[in-house]
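Participant: quick one, structure for this:
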Amino acid sequence: MGTSLTRVFISHAGSDWRISKRLADDLTTLGNHITVDLDGVSVGDDLMRFMNDGIAEADFILILHSRHTTDAMSQNAEIWGALWNEINQSGATCLVVRLDDTPLPPLLGSKKFAQIEEDNEESYARALTQIAERVGGTEHPTQTVSKAFSADGGNPFRRTRAEYFEDDRDLLARTFAPPDQSQLNKLEGIAPCILEGPRGTGKSMLLMSLRGRNYLPSRHERRGLKTFGCYLKLTRGALTNVIDLLDRDGNTEAILTETSSQELFVCIVESMLSEIRFCTKNNILNCSENDQQALCRELSHLFGVPLTSFGFSDLLNGLGSLRRAIAAYLRKRFVYGEASQVPTVMFDADLIGVAIVAIKSHVQDLAEYGFVILLDEYENLYGFQQKIVNGLAKAAAPKFSIKIARKRSTGYPSSTLSGQEWQETHDYSTIDLVYNLAEARQRKAYLNLLERFVDNVVSEEFDGGTTLNSLLPEFDTPEVPEERVLEEVAALSKASIEAFKEWPPEKRREKMTYYKAAAVYRCLQGRQKKRFSGKDELAFVSSGVIRYFQEMLAVGFYLENAGPTAKSPLVISPETQNRAAHLVSSHNLTSLSRNVDGKGEALRYFVLDLGGCLRHKLLKHSSEPEAARVSLRDPEQLADDQMGALRELLDTGVKEGVFELRDGLPGFLPRHADEAQAVEYMICRMFAPVLGISPRARWRTETYCAELLQLVDRGGRLQAVRTIKSRWVRDTNNAQGTLI
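Facilitator: Below is the predicted model of the structure:
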């Protein structure tokens with residue numbers, strides 16, 4: 001059970017709801033990859049349907065038995081239904097937790113698992129640990145994923161971050177450039193461009209592939225491309241951030257932005273010279289001692305940095321002192337309110353251009369190279385700092401170019417400090433690093449990238465002709481017997497199996513295309529997890545995010561543990577691929593809590609609840625089951641103050657890649673001219689295995705801001721989930737869409 005999300009249904013008498021709620025909260029927190037449905041219905045709910053669905057969809061039924069159970073009619077119905085489901089249909093495992101010494105019925109005697117004594121915290125803690133270990137399994141996804149990426153494990157697929165390639169710069173440069181020539185031209189051209197995508201899409205890797213130390217050894221000159229890049233990571237603390245402590249007026253803001261722009265420009269020049277020094281020391285560039293001294297003497301005069309000796313290290317020390325003086329002024333002036341002298345600095349885009357001309361005249365190897373400033377993690381900057389970067393990028397060409405990596409969001413400013421707008425197409429281009437796998441050209445480009453990744457990475461450490469196809473064989477047996485699938489498709493088509501078989505072949509094929517995936521999920525319900533294998537299926541589940549695909553390969557290699565030799569081709573069996581897909585899916589869902597500052601835990605609960613509602617629709621809706629596209633019918637309501645929590649959660653989800661919100665994929669046209677255009681959010685396919693939903697999104701699910709807001713309220717989540725499940729299954733207004 002530990003390779004996927006474990007669903008626990010807690011059955012309890014009404015009088016025992018407090019202990020049930022406590023167990024539900026603690027199991028979800030402790031287990032991380034455990035989701036819990038509490039028994040409990042409100043007036044108007046379909047009691048029998050709620051119990052039947054809860055039992056059918058669960059992996060474990062936790063039966064809380066007490067003196068109140070005897071007279072609890074609904075709980076007794078659940079108990080006997082759960083026992084029958086376990087015995088006759090290999091359904092969810094029943095575990096009895098005794099809350100007192102009330103005798104157990106004979107059929108429950110063998111199911112006794114734990115005991116909680118009233119007002120005894122030690123017994124509660126002991127029982128909670130027992131339950132968590134049993135339902136959570138011994139294999140925690142995050143622990144397994146961490147082991148797979150161990151540096152000493154010999155795993156060729158462990159390199160999922162740019163930093164892991166510093167020991168093999170040529171491999172980095174060859175492996176993570178976009179395979180699409182039009183994208184490559186954007187990346188290596190003089191015009192500014194933005195690399196955009198959530199965590200794990202290779203933004204840093206692509207920037208670093210242009211870095212001087214990585215790019216020059218890869219000999220891209222054979223394509224006539226000569227680029228020298230310097231890299232600057234804009235993490236919190238890289239620049240002095242005082243904006244939160246500042247009560248600004250117009251004059252104060254002008255001083256702050258001007259001084260902060262000087263600080264950024266000094267950091268860029270430092271990065272440029274540091275890259276040249278590294279390449280010179282490692283014999284990537286030739287620069288004699290005389291040329292180095294002449295260059296540093298010219299730059300020290302240009303920057304106004306007095307030096308007693310002239311070398312790259314001396315000049316970098318001088319620039320470092322200047323940067324620290326600027327930072328000290330900002331802190332004294334704007335944080336502590338002290339009078340302080342403004343450092344005399346005259347850095348701007350023109351000065352950077354003049355410095356580049358000087359560098360080219362003294363470092364002959366770079367005489368014909370274009371200089372590129374690579375700025376990573378733009379989203380960490382405050383708005384006024386982003387305006388500084390926008391202005392620099394607008395003024396850079398043709399003296400130098402700027403490439404920016406940032407997470408996708410709608411909240412970035414397009415203005416500059418001069419008041420001019422920094423406009424896409426006119427001033428810069430965008431490279432979207434999330435491949436749209438519904439589009440044939442992008443799907444082909446993504447598979448080409450994956451094939452090259454496997455070829456380059458594996459060839460570094462193994463021989464034997466491993467290819468993406470040979471590495472990832474598919475299952476050679478059907479997941480569900482064909483006759484059983486036909487029966488389920490016939491039922492979804494509102495026909496008997498006999499009538500279905502009499503239909504014309506074209507009509508049968510059409511219904512199989514529409515309903516086969518949903519039918520498989522329904523056949524597997526309560527018996528086994530949906531399985532995933534083969535390059536096409538794993539690529540699709542990765543949702544066009546290369547890190548997810550890499551993680552599945554790394555975990556699969558680790559789990560296979562076949563000990564391949566240097567001359568053996570690598571193969572990850574279909575069974576292991578499937579296990580890896582579920583582990584990586586669960587790991588990425590549970591890790592939201594620690595990877596997303598401030599909103600991670602709330603986002604995880606939101607995705608769990610949303611996924612639970614969509615899974616219910618997949619298993620129960622009579623005509624539109626595969627509906628992981630959530631179509632927000634009233635997106636204009638997100639601007640209301642009362643929707644603040646929902647708005648922040650959706651924005652964070654898009655930025656972190658939890659939800660896909662694509663240009664060109666809006667909702668269907670509104671029914672009336674005065675209605676707002678719907679906005680569609682699709683849960684990232686990588687979460688499909690752990691949530692038990694289909695990675696395809698054939699239909700949309702209509703919803704409203706007020707409905708989703710109920711899921712944000714931790715106290716009302718359970719009731720909201722029940723209400724939404726009921727409505728989404730009853731709703732017949734969701735029009736058919738296309739496979740995406």
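Participant: neighbours of E421, how many?
Facilitator: A total of 12 residues lie near E421 under the criterion other C-beta atoms under 10 Å. C-betas here are computed from N, CA, C, even on glycine.
Participant: phi, psi for it please.
Facilitator: Main-chain torsions, E421, degrees, to the nearest 10: phi -80, psi 140.
Participant: the nearest residue to it once chain neighbours are set aside: what's it in contact with?
Facilitator: Excluding the flanking residues, the one nearest E421 by C-beta to C-beta, 6 or more residues apart in numbering is S414, at 5.3 Å. When contacts are counted by C-beta atoms under 8 Å, 6 or more residues apart in numbering, S414 touches N390, E421, W422, Q423.
Participant: and stretch 629-639, which residues are buried?
Facilitator: For stretch 629-639, a neighbour-count test (16 or more other C-beta atoms under 10 Å) marks R629, V630, S631, L632, R633, D634, P635, Q637, L638 as buried.
Participant: for it, output the C-alpha coordinates as PDB.
Facilitator: This file holds the C-alpha atoms of stretch 629-639, laid out as PDB (Å, rounded to 0.1, in the frame of the first residue of the first chain):
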ATOM      1  CA  ARG A 629     -10.300  19.600 -15.900                       C
ATOM      2  CA  VAL A 630     -11.900  21.900 -13.300                       C
ATOM      3  CA  SER A 631     -13.700  24.600 -15.200                       C
ATOM      4  CA  LEU A 632     -14.200  27.700 -13.000                       C
ATOM      5  CA  ARG A 633     -17.300  29.300 -14.300                       C
ATOM      6  CA  ASP A 634     -17.000  32.600 -12.300                       C
ATOM      7  CA  PRO A 635     -13.300  33.400 -12.300                       C
ATOM      8  CA  GLU A 636     -14.100  37.100 -11.800                       C
ATOM      9  CA  GLN A 637     -15.100  36.300  -8.300                       C
ATOM     10  CA  LEU A 638     -11.500  35.500  -7.400                       C
ATOM     11  CA  ALA A 639     -10.900  39.200  -7.100                       C
END
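Participant: on that earlier part again, Q525 versus the residue nearest to E421, what's the distance?
Facilitator: When distance is defined by C-beta to C-beta, to the nearest Å, S414 is 49 Å away from Q525.
Participant: cool, and A114?
Facilitator: The spacing between A114 and Q525, counted by C-beta to C-beta, is 27 Å.
Participant: quick one on the thing from earlier: quick one: least confident of the buried residues of stretch 629-639?
Facilitator: In terms of pLDDT, the lowest of the buried residues of stretch 629-639 is R629, showing 85.
Participant: wait, doesn't that one sit right on R696?
Facilitator: No: assessed by C-beta atoms under 8 Å, R629 is found out of contact with R696, at 9.9 Å.
Participant: could you list the low-pLDDT ranges of the stretch 201-350 of the chain?
Facilitator: Applying pLDDT under 70 to the stretch 201-350 of the chain flags residues 218-225, 237, 241-253, 334-336, 340-347.
Participant: what about the strands in it?
Facilitator: Applying DSSP state E, counting those that start in this stretch to the stretch 201-350 of the chain gives strands spanning 227-233.
Participant: ok, now which ones touch S533?
Facilitator: Applying C-beta under 8 Å, 6+ apart to S533 gives the contacts L472, P473, E474, F475, P574, Q577, N578.
Participant: now do L195
Facilitator: Shown in contact with L195 (C-beta under 8 Å, 6+ apart): L187, K203, L206, L207, K403, I404, A405, R406, I431, L433.
Participant: how deep is the last one tucked in, by neighbour count?
Facilitator: Using other C-beta under 10 Å, the number of residues around L433 comes to 22.
Participant: likewise for the first one?
Facilitator: Look at L187: counted by other C-beta under 10 Å, it has 21 neighbours.
Participant: how close does it sit to V372?
Facilitator: 9 Å.
Participant: between the two, which contacts overlap?
Facilitator: By C-beta under 8 Å, 6+ apart, the residues touching both L187 and V372 are L210, K403.
Participant: need the buried ones from the contacts of S533 selected in ChimeraX.
Facilitator: In ChimeraX syntax, the buried subset of the contacts of S533 is picked out as below (16+ other C-beta under 10 Å):
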select :472,475,574,577,578
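Participant: and the helix or strand where F384 lies, what other elements does it pack with?
Facilitator: Element membership for F384, per DSSP states H and E: helix 383-396. With contacts taken as 3 or more C-beta pairs under 8 Å, 6 or more residues apart in numbering; DSSP states H and E, helix 383-396 sits against helix 250-281, helix 349-362, strand 401-406.
Participant: now the first one: how far from the chain's centre is it?
Facilitator: In this case it means helix 250-281. Distance of helix 250-281 from the chain centroid (C-alpha atoms, centre = their mean, to the nearest Å) equals 31 Å.
Participant: got the angle between that helix and strand 227-233?
Facilitator: Inter-element angle recorded for helix 250-281 and strand 227-233: 130 degrees (by axes from the mean of the first three to the mean of the last three C-alpha atoms, to 10 degrees).
Participant: so for helix 250-281, what gets flagged as buried?
Facilitator: Across helix 250-281, burial judged by 16+ other C-beta under 10 Å covers 256-257, 259-280.
Participant: now the strands for this structure?
Facilitator: Assigned by DSSP state E, the strands in the chain fall at 6-11, 34-38, 60-65, 93-98, 112-115, 193-196, 227-233, 370-376, 401-406, 429-432, 629-632, 659-660, 679-683, 700-703.
Participant: flag whichever of these has the least confidence on average.
Facilitator: With a mean of 52, strand 34-38 has the lowest mean pLDDT of the strands of the chain.
Participant: M552 against N578, yeah?
Facilitator: No: applying C-beta under 8 Å as the test, M552 and N578 come out as separate, 9.9 Å apart.
Participant: go through the contacts of L195 and name the one nearest V712.
Facilitator: Within those, proximity to V712 (C-beta to C-beta) peaks at R406, which comes in at 26.1 Å.
Participant: against L375, how distant is the closest one?
Facilitator: 9 Å.
Participant: what does R508 give?
Facilitator: Separation of R508 from L375 (C-beta to C-beta): 56 Å.
Participant: next one: P505
Facilitator: Applying C-beta to C-beta, the value for P505 to L375 is 57 Å.
Participant: with I194 instead?
Facilitator: Plainly put, I194 is 10 Å away from L375 if you go by C-beta to C-beta.
Participant: ditto for Q130
Facilitator: To L375, Q130 is 52 Å away according to C-beta to C-beta.
Participant: the more surrounded of these two?
Facilitator: Remark: of Q130 and L375, L375 carries more neighbours, 25 against 15, as counted by other C-beta under 10 Å.
Participant: please report phi then psi for F149.
Facilitator: F149 adopts backbone torsions of phi -100, psi 10, taken as degrees, to the nearest 10.
Participant: just T410 next, same as before
Facilitator: Dihedral pair for T410: phi -100, psi 0, per degrees, to the nearest 10.
Participant: how close does the closest residue to it other than its chain neighbours sit to I79?
Facilitator: Nearest residue to T410, sequence neighbours excluded (C-beta to C-beta, 6+ apart): D651, at 7.3 Å. Using C-beta to C-beta, D651 is found at 44 Å from I79.
Participant: more neighbours, those two?
Facilitator: Between D651 and I79, counting by other C-beta under 10 Å, I79 is the more crowded of the two (23 against 17).
Participant: so for the more buried one, what's the nearest residue that isn't a sequence neighbour?
Facilitator: In space, I79 is closest to I63, 5.8 Å off (C-beta to C-beta, 6+ apart).
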